[in-house]
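Colleague: Coordinates for the following, if possible.
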Amino acid sequence: MAAGRGLRMMPLTSNTSKAMIQFNNAMLIGNSLKQLIKLHLESISITVGYKGAELAEYAIKEGVQNIFNTNGKGNSWWIYNTLLKQLNEPILVLTCDNIVEIDLEWISQQYQRFNSPACMLIPVQPVEGIEGDFIQHKNHKITALSRTETTSIYGSGIQILNPKKINETTEACENFYDVWQQLISKELLVASETYTKTWYSVNTEAQLHIAEKFYIKE
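Modeller: Purely as a prediction, here's the structure:
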């Protein structure tokens, strides 16, 4: 997902999208893209919005197969309004501002362990200075998400979901928080075990500089 405006990263995003900000001698989104391409996945898709043409051109050159223009739409709009809505298979969803070591084998094992739910969030231990939705759960079925009631885990921005299952069990909406709330009400939103691989999220220029300082370059 790379359609956000990136207002909290102004002025860096005055003339480019958040995903195209320079990081680790590449683009911010490139950190995840290069890992996904090495995994030889069937297809990689991105959503674009602000400065979408520039981002789409870069992504296609990097090996992305599908571009969805979601400018002016919410972050979950694509689940209900693109051809992906008919896909009865798991999709790994990442945000462009995640700096993460992708362990797809572990994520897949977790998804299978919890019986291939409509949606599974990947929690991490909270990182000081980075906001997140704190997760409350019972036997890994999520009961609540909150920005104020703290717990030992919160959402990483990584999830794995089945678009067809989500379309069959929820009403169309444009915000992931609304998708999750509908799934919670039906006891269909699952949290995996806590992710232990390298994870960080960049929402501000200060966080970008912290990541540049501490991120271990491959």
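Colleague: ok, now which ones touch the residue positioned nearest the centre of the chain?
Modeller: The centroid of the chain falls nearest to Leu94 when counting by C-alpha atoms, centre = their mean (2.7 Å). Counting by C-beta atoms under 8 Å, 6 or more residues apart in numbering, Leu94 makes contact with Met1, Ser32, Val100, Ile102, Gly157, Ile158. C-beta: built from backbone N, CA, C; applies to glycine.
Colleague: what ranges do the helices span in this protein?
Modeller: 30-38, 52-62, 77-81, 104-113, 163-169, 176-185, 205-214 (DSSP state H).
Colleague: deepest of these, which one?
Modeller: Of all the helices of the chain, helix 77-81 has the most neighbours on average by mean count of other C-beta atoms under 10 Å, namely a mean of 20.
Colleague: who's in contact with Gly129?
Modeller: Gln207, Ile210.
Colleague: Hmm, Ile160 is touching Ile102, no?
Modeller: No. Using C-beta atoms under 8 Å, Ile160 is not in contact with Ile102, being 11.6 Å away.
Colleague: nearest spatial neighbour of Ile158, skipping sequence neighbours?
Modeller: Ile122 (4.1 Å; C-beta to C-beta, 6 or more residues apart in numbering).
Colleague: What number of residues are in the vicinity of the one you found?
Modeller: By other C-beta atoms under 10 Å, the residues close to Ile122 number 27.
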